[in-house]
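>>> sequence plus predicted model, see below.
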Amino acid sequence: VVEALVRATRSAIADSQSNRARFEATRSEIDQLRRELEDLRAENRIDALTTLANRKEFDAALARTTADAAQSRAPLSMLICDVDYFKNLNDTWGHPFGDDVLRLIARAIKKIIRRHDIAARYGGDEFAVLLPSTALQAAEEIAERLRAEVNAKSVVQRSTGRDLGRVSVSIGIAQWRADEPARGFVERADAGLYAAKKNGRNCVVRVEL
């Protein structure tokens, strides 16, 4: 009887250890799948070149922030900027250099914006930043700091180490109007961008509320 009990006990222990090993393996697989899912979600939200939000994530954030502004009645502003003469830069120095310029702009944006702001690569060489709880005057100050930050940086060609001078951005800003469609909000900020280009580039133009 004792021997039978010992054998049964050993068998139960072995089974318990085996089950625990299977449990640990299953948990490890689940953790790995969870990490891969999070990475996939991040890839769907992030622009690979600049590591800013991509256009899809920006559109979702725009819908969310305008809804929040409508509920809270807090101001919401947006800036849209692009690189001056970007096509000429690409044609002259090549696309790798153009990519370096876009990364430079992204780094400047990250340096200037606040934690609750939302920055995205809107498309091509165009960037957009949503500025929650920010009225037009404060948005203009942020945009001007961004313009100066970009223009203060020299761009160096990686392959040769040659200093290729400075780049600049033109920036348009607008403040959301209550009940304004998101598309209209973007179009007004974009109108400011085009006005900045017409005004000689390397400047900020605000679209009045």
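In hand now; what should we look at?

>>> do a quick rundown of the strands in this structure.
76-83, 118-123, 126-132, 154-156, 163-166, 169-175, 204-207 (DSSP state E).

>>> just checking, what packs against the shortest one?
Which is strand 154-156. When contacts are defined as 3 or more C-beta pairs under 8 Å, 6 or more residues apart in numbering; DSSP states H and E, strand 154-156 packs onto helix 95-112, strand 163-166. C-beta: built from backbone N, CA, C; applies to glycine.

>>> pairing partners for it, with directions?
strand 163-166 (antiparallel) (DSSP bridges).

>>> helices along the protein, start to end?
Listed in chain order, the helices of the chain (DSSP state H) span 2-45, 55-72, 86-93, 95-112, 136-151, 182-198.

>>> now do the buried residues in stretch 107-118.
Of the residues in stretch 107-118, Arg107, Ala108, Ile109, Ile112, Ile113, Asp117, Ile118 count as buried by neighbour count, 16 or more other C-beta atoms under 10 Å.

>>> can you point out the buried residues in stretch 114-133?
Of the residues in stretch 114-133, 117-122, 125-133 count as buried by neighbour count, 16+ other C-beta under 10 Å.

>>> contacts for it?
47, 49-50, 52-55, 57-58, 61-62, 65, 68-69, 74-83, 86, 98, 101-102, 105-106, 109-110, 113, 138-139, 142, 186, 189 (C-beta atoms under 8 Å, 6 or more residues apart in numbering).

>>> any weak-confidence spans in the protein?
Counting by pLDDT under 70, the chain contains low-confidence residues at 1, 6, 19, 21-43.
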